[in-house]
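A.B. asks: take a look and give me a structure for this.
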Amino acid sequence: MLDSGKELLDVVDENDHVIGSQIREVVHAQGLLHRECGVWFYTPEMEIIMQKRSPTKKSNPNLLAATVAGHVPSGMSYMEAALMETFEETGLKLKPDDLKLGGRYCTHEKTNNHLTVCYVHLYQGDTGELKVEEGAAVGFFAWPIRKLLQLTETEKTLFLPSLPIYLPLFEKILSGNI
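C.D. replies: From the prediction side, this is the model:
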């Protein structure tokens, strides 16, 4: 974070090499490729815990998203950012050993081009025990993985448009291969 309160992000190339840094607003305005992280919590009952975004979010309000997601601040590793975001968005203080690498994804959207490293975490608590980050989300909801793999067209509108790229990850969790 810069002294002015602006978030500084690393700009990267397609190989995830840092080629510069810029404030978040410029990164999005210019569609610059940058780093993001995500953490998907799953339960022993093979459910994915989704975070419902706040209706006041600038992008994708009211949609279901990863349990935890955020930008990777300049100079920070994906893991460091994932642990920081997990604490901010759920209240859980996890350690690196609590997360397993789920995969790397490159998403090109109109103004949000990002490389995302996703982690998974076996969560054995109740969704009601997770702290909701005020202003960012309204709650957490568990969805059976089998249901996520067979969503109707109407149900798909409840989720971020990028959900389909994570379906193979959910299949790996379901099959025990993660």
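
A.B. asks: hey, where'd the strands end up in the chain?
C.D. replies: Per DSSP state E, the chain carries strands over the ranges 8-12, 18-23, 34-42, 47-53, 64-65, 68-71, 100-107, 114-122, 137-144.

A.B. asks: which residues are in contact with the third one?
C.D. replies: Residues outside strand 34-42 that contact it (C-beta atoms under 8 Å, 6 or more residues apart in numbering) are 9-12, 16, 27, 48-49, 66-72, 78, 81-82, 85-86, 90, 99, 102, 113-123, 145, 166, 169-170, 173. To be clear about C-beta, it is placed using only N, CA and C from the backbone, and glycine gets the same treatment.

A.B. asks: coming back round to it: how about the strands of the chain in a markdown table, adding mean pLDDT, mean neighbour count and distance to residue 162?
C.D. replies: Formatted as a markdown table, the strands of the chain follow (pLDDT from 0 to 100; neighbours: other C-beta atoms under 10 Å; distance: least, C-beta to C-beta, whole Å):
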| stretch | mean pLDDT | mean neighbour count | distance to residue 162 |
| --- | --- | --- | --- |
| strand 8-12 | 97 | 20 | 18 |
| strand 18-23 | 97 | 14 | 22 |
| strand 34-42 | 98 | 25 | 10 |
| strand 47-53 | 98 | 22 | 13 |
| strand 64-65 | 98 | 20 | 9 |
| strand 68-71 | 96 | 22 | 10 |
| strand 100-107 | 94 | 15 | 6 |
| strand 114-122 | 97 | 21 | 9 |
| strand 137-144 | 97 | 17 | 16 |
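
A.B. asks: among those strands, which is nearest residue 160?
C.D. replies: strand 64-65 (4.9 Å; C-beta to C-beta).

A.B. asks: which strands and helices lie in contact with the closest one?
C.D. replies: If you count contacts as 3 or more C-beta pairs under 8 Å, 6 or more residues apart in numbering; DSSP states H and E, strand 64-65 packs onto strand 47-53.

A.B. asks: other SSEs contacting the helix ranked longest in the chain?
C.D. replies: Using DSSP state H, we find that the single longest helix of the chain is helix 78-90. Applying 3+ C-beta pairs under 8 Å, 6+ apart, one finds that helix 78-90 contacts strand 34-42, strand 68-71, strand 114-122.

A.B. asks: okay, it in CSV with CA atoms only?
C.D. replies: Taking C-alpha atoms only, helix 78-90 is exported to CSV below (Å, rounded to 0.1, in the frame of the first residue of the first chain):
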residue,chain,number,x,y,z
TYR,A,78,1.0,-15.4,-3.8
MET,A,79,1.1,-17.4,-0.6
GLU,A,80,1.7,-14.4,1.6
ALA,A,81,-1.2,-12.6,-0.1
ALA,A,82,-3.5,-15.7,0.2
LEU,A,83,-2.8,-16.0,4.0
MET,A,84,-3.4,-12.2,4.5
GLU,A,85,-6.6,-12.2,2.4
THR,A,86,-7.8,-15.3,4.2
PHE,A,87,-7.5,-13.6,7.6
GLU,A,88,-9.1,-10.4,6.3
GLU,A,89,-12.0,-12.1,4.6
THR,A,90,-12.7,-15.0,7.0
